[in-house]
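Visitor: Next input, structure requested:
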Amino acid sequence: METNNILEEKVWEEKVSQFSSANFLQSWEWGIFQELLGNKITRVSDEEGVTQYYFVRSKFSKFLYCPRGPLSTSSGSFSKLLNQQIKDAKENGSDFVLVEPPIDPGFIVRALLEKGFVKQKSTTQPESTSIVSLTPDVDSIYSKIRKTTRQMIRKALENKVEVKNYQDLSRWDDFVKLFAETTQRQKFTSHNLVYIKKQFECFEEKNNIKLYLAEIDGKTLAGAIILSYAKTSVYLHAASNNLGRDLGAAHLLVWTAIQDAKKVGNNSFDLWGISTEDRPNYSWKGITIFKNGFGGEVVDYPGSFILPVRPNQYRVYLLINFLRSVPLFKTAKRLLLRAITKGE
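Guide: Coordinates of the predicted model:
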């Protein structure tokens, strides 16, 4: 089987749509988004699979990244597409190949390890998520929601919280304020707002992304960006303030988005990222409790795998990442910057 570069959106989307594990990270629009960020995109297929990947240049390295791919129905095709990635990585001077594959049908992890890929401790994309099936009727979906979550939904309704959605960024400033409050309260590092806004604009043209806002008496309490692709709605970015949390605004927002997703014919609602007992992420504890309240099924991905292409450069990359995590190095960096600023 030969591999072919795909240059037309219609051809690409027709091929991707054949796979049940298709994810928006393998969509044409995601590729356009990466190009806007300055990353070179490649889309390749053979008779049984497809893969979209791109080249990322950071301060200290250049690498090939393939999120939620390759998509394939056989180990032979999957391995062939991996070979194409490795070949392109070498030709483009990449230090390593980073693959975060889709759900493993039984051959993915084995193929990666056979190629020399090494599993990493951390991932860029969520390693586990909670997915709500939209196949049952609305009452059945609601009945699976945790009791305390249903109570918060009712509380929001009793307090006359309203949820509205927008297919444009006319209410972007409201989301920005909520996002700033959320990151400060939870003390976590997320994608910057310029990055999120570009994402929205890329998917906006196809009308498959919406900004949801929950409000009361004109005051915005919670917000979320919901993206739909391959019959799945994704709770991609979210924010709320303290009042919104107390009134259950975020709970009502998600429940409204779930109902909307079912109305437009989607099959599932992906809450996009949770922590599990065997894969603990303690900074996600509160977020996980919230998301698990909607009665979804936990889905695990294989994780993150790296293949060094230029071993020496890859070692430098690892060393720099290690030093950046060392408290003493962080302190020395701050002192150096202070000295430079003061002219010492």
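
Visitor: Strands of the stretch 151-300 of the chain, start to end?
Guide: For the stretch 151-300 of the chain, applying DSSP state E, counting those that start in this stretch gives strands covering 162-166, 209-216, 219-229, 232-240, 268-270, 297-300.

Visitor: can you list those in a markdown table and add mean pLDDT, mean neighbour count and distance to residue 59?
Guide: From N, CA and C alone the C-beta is placed, and that goes for glycine too. Below are the strands of the stretch 151-300 of the chain laid out as a markdown table (pLDDT from 0 to 100; neighbours: other CB atoms under 10 Å; distance: least, CB to CB, whole Å):
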| stretch | mean pLDDT | mean neighbour count | distance to residue 59 |
| --- | --- | --- | --- |
| strand 162-166 | 98 | 16 | 36 |
| strand 209-216 | 98 | 22 | 30 |
| strand 219-229 | 97 | 23 | 28 |
| strand 232-240 | 96 | 24 | 25 |
| strand 268-270 | 98 | 24 | 32 |
| strand 297-300 | 96 | 13 | 32 |
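
Visitor: do you know which of those lies nearest residue 111?
Guide: Closest of the strands of the stretch 151-300 of the chain to residue 111 is strand 297-300, at 17.9 Å (criterion: CB to CB).

Visitor: Paired strands for the closest one, with orientation please.
Guide: Applying DSSP bridges, strand 297-300 is found paired with strand 128-133 (antiparallel).

Visitor: Identify all contacting residues around the strand it pairs with.
Guide: Contacts with strand 128-133, where a contact means CB atoms under 8 Å, 6 or more residues apart in numbering, come from 141, 232, 258, 267-276, 279, 291-292, 294-301.

Visitor: Contacts for whatever helix or strand comes next after it, please.
Guide: Sequence order places helix 138-143 as the next helix or strand after strand 128-133, per DSSP states H and E. Among residues not part of helix 138-143, those counted as contacts by CB under 8 Å, 6+ apart are 132-134, 150, 255, 258-259, 262, 295.

Visitor: Name the residues of helix 138-143 that are buried.
Guide: 141-142 (16 or more other CB atoms under 10 Å).

Visitor: Likewise for stretch 292-305?
Guide: When burial is assessed from 16+ other CB under 10 Å, stretch 292-305 yields the following buried residues: 292-296, 301-305.

Visitor: for that stretch, how far is the first residue from the last?
Guide: 27 Å (CA to CA, to the nearest Å).

Visitor: so how far is that stretch off the chain centroid?
Guide: Chain-centre distance of stretch 292-305: 12 Å, with CA atoms, centre = their mean, to the nearest Å.

Visitor: just stretch 165-177 next, same as before
Guide: Offset of stretch 165-177 from its chain centre (CA atoms, centre = their mean): 20 Å.

Visitor: how about the CA coordinates for that stretch, as CSV?
Guide: What follows is the C-alpha trace of stretch 165-177 in CSV, where atoms were taken according to Å, rounded to 0.1, in the frame of the first residue of the first chain:
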residue,chain,number,x,y,z
ASN,A,165,-25.4,30.3,23.0
TYR,A,166,-23.7,32.3,20.3
GLN,A,167,-22.2,31.2,17.0
ASP,A,168,-19.9,34.2,16.9
LEU,A,169,-17.7,36.1,19.3
SER,A,170,-20.1,39.0,20.0
ARG,A,171,-19.9,38.1,23.7
TRP,A,172,-16.2,37.2,23.8
ASP,A,173,-15.4,39.9,26.4
ASP,A,174,-17.8,38.2,28.9
PHE,A,175,-16.0,34.9,28.5
VAL,A,176,-12.6,36.6,28.9
LYS,A,177,-13.5,38.0,32.3
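
Visitor: Quick check: bridge partners of residue 165?
Guide: Applying DSSP bridges, one finds that residue 165 bridges with residue 212.

Visitor: Wait, it touches residue 259, no?
Guide: No. Counting by CB atoms under 8 Å, residue 165 stays clear of residue 259, with 11.4 Å between them.

Visitor: who touches both of those two?
Guide: Contacts common to residue 165 and residue 259, judged by CB under 8 Å, 6+ apart, are absent.

Visitor: on that earlier part again, out of the contacts of helix 138-143, who's the most crowded?
Guide: Taking other CB atoms under 10 Å as the neighbour criterion, residue 258 ranks highest of the contacts of helix 138-143 with 26 neighbours.

Visitor: gap between the nearest residue to that residue once chain neighbours are set aside and residue 226?
Guide: Residue nearest to residue 258 in three dimensions, not counting chain neighbours: residue 269, with 4.9 Å by CB to CB, 6 or more residues apart in numbering. Residue 269 sits 9 Å away from residue 226, going by CB to CB, to the nearest Å.

Visitor: can you check residue 35 too?
Guide: According to CB to CB, residue 35 stands 23 Å off from residue 226.

Visitor: cool, residue 213 as well?
Guide: Counting by CB to CB - residue 213 and residue 226 are separated by 11 Å.

Visitor: now swap in residue 208 and tell me
Guide: From residue 208 to residue 226 the distance is 9 Å (CB to CB).

Visitor: Over to residue 111?
Guide: Using CB to CB, residue 111 is found at 33 Å from residue 226.

Visitor: can you map out the helices along this structure?
Guide: 9-16, 28-36, 75-91, 108-114, 138-143, 147-158, 172-186, 193-204, 242-247, 249-263, 285-292, 311-325, 327-342 (DSSP state H).
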